[in-house]
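Q: Could you look at this predicted model? Sequence included:
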Amino acid sequence: MTKTGGSDGETAIRTLVVEDDPVLAEAHAAFAQRVPGFEIVGVAGLGAEALRMLATREVDLVLLDLYLPDMHGLDLCRTMRGRGHRADVIVVTSARDLALVRSAVSLGVVHYLLKPFSFAAFSERLHGYAEYRRRIAEKPGEAVAAGQDDVDQALAALRNAPQTPPLPKGLATATLEAVVARLRTGTRVSAADIADAVGVSRPTARRYLDHLSARRLVQREPKYGGAGRPEYVYRWLGDGPPD
C-alpha cells in the first residue's frame, strides 16, 4: 500500500478505506495519501472484507461509507467494537438522517463527512483528527491528562473542523448530488447535458454548475464549434486537486 510518513518521526496513521464504489474508494484513498501523516493499509468494498482486514492488519482509522452491499456501516461499527477493534471511524456518506448521526456518535464515530465534498473539507478533518491524536498521545509517565485544559484542547481539535456552507437559495441537495454523479462520469459535460440527465432546465443546471465552479469542484472551459458565443463545458475536479 502507498504510505505517507508522519512528520518529525511520528508514526503514520494507518487508514482503512471502506467504500463499495470503486471510483470513490480510489478517490478517498488518494485524498488520504495527500494528507501528510496518513498511510493507506487497505481498501474494502464489503463490510465482511473490512472485518477480515481489521483482524489481520494494524488499523488506526477507518474511512467508512454507511451503505455497503452486505451490511450497514453502523452494523460494521458495532461488530468492530464487539470484537474489540479500537480503530477510530470517520463516516463518509451521503446519509443526512439525524438519527444515523446520533447512532454514529454513540458508536464512537469521530467525524461525519457528507458527500459530495472538496479535498479541502476532507483534509481539514484529517488534519483535525491527526492533531487530536497528537494531543492525546500518551507520553512516558503521563497516563492521565494534566488538567481540564488538556482535555478541552484535545477535543477541540475534533470539534473545530469548519462546517460545509449551506447551499444558495433555490438549490436542493438531492439535485446537487445528481449533478455531481453525472459530472463524476469523467466526461466534459455542458449545461444541456446536465439538464437532460437530471431533469431540470438549462438555466437551473447552470446555477448548480456555477455553484460547483465557485467552490472549485468543477472547471469551466469554452468549447468552440461555430459562429457566435462559445458553449461552456464542465469538468469534475472534486476527486482531485483543483487546477
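A: Right, received. Where do you want to start?
Q: Which residues belonging to whichever helix in the chain runs longest are considered buried?
A: Counting residues, the longest helix in the chain under DSSP state H turns out to be helix 119-136. By neighbour count on 16 or more other Cβ atoms under 10 Å, the buried set for helix 119-136 is 119, 121-133, 135. All C-beta atoms are positioned from the backbone trio N, CA, C, and that covers glycine.
Q: now do stretch 196-210
A: By neighbour count with 16+ other Cβ under 10 Å, stretch 196-210 contains the buried residues 197-198, 200, 204-209.
Q: re the thing from before, least confident pick among the buried residues of helix 119-136?
A: Across the buried residues of helix 119-136, the smallest pLDDT goes to Arg135, namely 77.
Q: Now do the strands in this protein.
A: Counting by DSSP state E, the chain has strands at residues 13-18, 38-44, 61-64, 88-93, 109-114, 189-190, 218-223, 231-236.
Q: Generate JSON lines for the ones you listed, with mean pLDDT, mean neighbour count and distance to Thr175 as supplementary columns.
A: Shown next, in JSON lines, are those (pLDDT from 0 to 100; neighbours: other Cβ atoms under 10 Å; distance: least, Cβ to Cβ, whole Å):
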{"stretch": "strand 13-18", "mean pLDDT": "97", "mean neighbour count": "24", "distance to Thr175": "27"}
{"stretch": "strand 38-44", "mean pLDDT": "96", "mean neighbour count": "21", "distance to Thr175": "30"}
{"stretch": "strand 61-64", "mean pLDDT": "97", "mean neighbour count": "26", "distance to Thr175": "26"}
{"stretch": "strand 88-93", "mean pLDDT": "93", "mean neighbour count": "22", "distance to Thr175": "18"}
{"stretch": "strand 109-114", "mean pLDDT": "88", "mean neighbour count": "18", "distance to Thr175": "15"}
{"stretch": "strand 189-190", "mean pLDDT": "92", "mean neighbour count": "20", "distance to Thr175": "15"}
{"stretch": "strand 218-223", "mean pLDDT": "86", "mean neighbour count": "14", "distance to Thr175": "15"}
{"stretch": "strand 231-236", "mean pLDDT": "88", "mean neighbour count": "18", "distance to Thr175": "15"}
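Q: can you tell me which residues contact the spatially closest residue to Leu51 that is not a sequence neighbour?
A: Nearest in space to Leu51, with sequence neighbours left out and distances taken as Cβ to Cβ, 6 or more residues apart in numbering, is Thr79 at 6.3 Å. Taking Cβ atoms under 8 Å, 6 or more residues apart in numbering, we find Thr79 in contact with 47, 51, 71.
Q: and what of Arg78?
A: Leu107.
Q: so where's the chain shaky on pLDDT?
A: Residues of the chain that meet the criterion pLDDT under 70 lie in 1-10, 138-166, 225-229, 238-243.
Q: let's go with 80 and repeat that
A: Flagging of the chain using pLDDT under 80 yields the residue ranges 1-10, 116, 118, 135-167, 173, 186, 215-216, 223-230, 238-243.
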